[in-house]
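Novice: Based on what follows, work out the 3D shape:
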Amino acid sequence: MSKVLVPLASGFEEIEAMSIIDILRRAEIEVVVAGLGKKQVVGAHGVKVQADVHIEDTNSSNFDMIVLPGGLPGATNLQKDETVQKLLKEFDKQNKPIGAICAAPVALMSAGVLKENYTCYPSFETNIREKGYTANKDIVSDKNIITSRGPGTAMTFGLAIVSKLCGDEKSNEIRSQLLL
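Specialist: Predicted structure coming up:
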């Protein structure tokens, strides 16, 4: 069974985080939610989530993938966090999959792991880099990096992660259950 790390920082986008976590768990992927600073993390819209662990207590070797929800200021908090930046570099060095949605590719850019092609929340590319930005695709994969646009694409993004880790058959099974 695959194991995925989902770091949550204050100001995370709730729809993105919860959709990703839920879809991965439906696919029987083990998801570990790691809080930055504290175990109870408050999202951008006031939803409180109890993390499983502190981000400082995680190790990249224990996971198959890391996925960053966006939201503001959640994405910039991920970008500024030394542990998250270190983990992103370790995952990339090991060629493990890395996912980021909405504004979260900014954290990938800061860690130096964002590949040539990506997508993000429309207009936020000016905070990342305009070269390689794809505006018209909900999901962009480039090498070990998977990016997505925002809250409205969170379920499709979660299914793309399931495809990556478990195959298209499992992703299609979950898609059917979700009536997508």
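
Novice: can you give me the strands in the protein?
Specialist: Using DSSP state E, the strands of the chain run over residues 3-8, 30-35, 40-42, 48-50, 53-54, 65-68, 98-101, 139-142, 145-148.

Novice: Quick one: mean pLDDT for the shortest one?
Specialist: I take that to be strand 53-54. Strand 53-54 comes out with an average pLDDT of 98.

Novice: Can you tell me which helices and strands it packs against?
Specialist: strand 30-35 (3 or more CB pairs under 8 Å, 6 or more residues apart in numbering; DSSP states H and E). Quick note: C-beta positions are derived from backbone N, CA and C, even for glycine.

Novice: if we can go back for a sec, and the strands of the chain, which is most packed in?
Specialist: Comparing these by mean neighbour count (mean count of other CB atoms under 10 Å), strand 98-101 ranks first with a mean of 29.

Novice: Quick one: residues contacting residue 1.
Specialist: Listed by CB atoms under 8 Å, 6 or more residues apart in numbering, the contact partners of residue 1 are 28, 29, 30.

Novice: Can you tell me which of the residues you listed comes closest to residue 125?
Specialist: residue 29 (29.0 Å; CB to CB).

Novice: List the contacts of that closest one.
Specialist: 1, 2, 3, 4, 161, 162, 165, 166.

Novice: Among the residues you listed, name the least confidently predicted one.
Specialist: Lowest pLDDT among those: residue 1, 88.

Novice: which one of the contacts of residue 29 sits closest to residue 179?
Specialist: For these, the nearest to residue 179 is residue 162 (15.9 Å; CB to CB).

Novice: Look up how far residue 48 lies from that closest one.
Specialist: 27 Å (CB to CB, to the nearest Å).

Novice: Could you do residue 17 as well?
Specialist: According to CB to CB, residue 17 and residue 48 sit 12 Å apart.

Novice: Help me confirm that residue 58 comes into contact with residue 3.
Specialist: No. Between residue 58 and residue 3 there is no contact under CB atoms under 8 Å: 10.7 Å.

Novice: joint contacts of those two?
Specialist: Common neighbours of residue 58 and residue 3 (criterion: CB under 8 Å, 6+ apart): residue 32.

Novice: Please name the residues that touch the residue nearest to residue 109 when sequence neighbours are not counted.
Specialist: Spatial nearest neighbour of residue 109, excluding adjacent residues (CB to CB, 6 or more residues apart in numbering): residue 128 at 4.9 Å. Applying CB under 8 Å, 6+ apart to residue 128 gives the contacts 105, 106, 109, 114, 118, 120.
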